Each structure stands twice: as structure tokens, then as C-alpha cells.
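*Asks:* Here is a sequence together with a model predicted from it:
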Amino acid sequence: MNTKEIAIRYFRHLKGKKKALNTVEFITNINELKSETHNGFTEEEVEILVDALINIEGLASVKFQGLLECIVPHKKVSSKAALNLLQWIFTYFRTAPIGSVKSALEWIIGE
């Protein structure tokens, strides 16, 4: 298993967890994803990462934005991933950090 698969598995495992994040482990896995962004991710990988992004409880805005920056699709964003992120925006825009909402909107429109 390569480092990209390990990082994706890490974020899939974090989904819905209520315990505090290990910052060093989180940053290490973000860096692994960043090193793979030049190739982009498959539709399935993008869906897994977006799902983890919107379902990690208590994710700080900086970590949210760091993970979102890593999610670079190989060809195009799947409808499921985009709709899940839009649903998150419309559900939590009043309570989520404004930086996270702004970054999510920019990601969707491709800025």
C-alpha cells in the first residue's frame, strides 16, 4: 500500500470520530496528499476525502482548508462529491467558520 492510500484510509477512518485529532498525524497525512496532487485523485478518492472533510467533528478551519486544498480531482469532480459539499455549506453556513465555508465555495467554483 502506498502513502497516498494510507493517507486516504486515515481520513476515511477519522470520519465521525469525536476524539481530538493528533495534529502531527493529521499534518503528516495532509503532506502525503499534497505530494500526490500533481496526479490528481480518482472520483472515488475525491468522494472519500470530501465525505471525511465534512464529517470530521470539530475540524478547525485551518485543518479544513488544508485538507480541502489537497482534494484535486484527476479529471472532474463527481456530482456526489460536489452535492455533498454544497449540502454541508447550506446546512452549516451559520455555525461553521467563515473561512471553511468560503474555501468550500471557492473549491466548488474552481478558484
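*Replies:* Yes, it's here.
*Asks:* nearest residue to C70 other than its sequence neighbours?
*Replies:* L33 (3.8 Å; CB to CB, 6 or more residues apart in numbering). All C-beta spots, glycine's among them, are computed from the backbone N, C-alpha and C.
*Asks:* Report how many residues lie close to the one you found.
*Replies:* Per other CB atoms under 10 Å, the neighbour tally for L33 reads 23.
*Asks:* Sketch out the low-pLDDT regions of the chain for me.
*Replies:* In the predicted model, the chain carries pLDDT under 70 at residues 18-19, 111.
*Asks:* Please enumerate the helices of it.
*Replies:* 3-14, 23-35, 43-55, 61-70, 79-92, 98-109 (DSSP state H).
*Asks:* I'd guessed the residue nearest to C70 sits against A7; true?
*Replies:* Yes. When contacts are counted by CB atoms under 8 Å, L33 is listed as touching A7 (5.1 Å).
*Asks:* And the residue nearest to S100 when sequence neighbours are not counted, how close does it get to K102?
*Replies:* Once flanking residues are discounted, S100 sits nearest to F64: 4.4 Å by CB to CB, 6+ apart. Distance, F64 to K102, by CB to CB, to the nearest Å: 11 Å.
*Asks:* do the same with H38
*Replies:* Counting by CB to CB, the gap from H38 to K102 is 25 Å.
*Asks:* Could you check which of these two is surrounded by more residues?
*Replies:* K102 (16 against 7).
*Asks:* In contact with that one, which residues?
*Replies:* For K102, the contact set (CB atoms under 8 Å, 6 or more residues apart in numbering) is empty.
*Asks:* Give me the nearest residue to A60, chain neighbours excluded.
*Replies:* Per CB to CB, 6+ apart, closest to A60 is P97, 7.7 Å.
*Asks:* I30 is in contact with T3, correct?
*Replies:* No. Using CB under 8 Å, T3 makes no contact with I30, being 11.9 Å away.
*Asks:* coming back round to it: and the residue nearest to S100, how many neighbours?
*Replies:* Counted with other CB under 10 Å, F64 comes out at 20.
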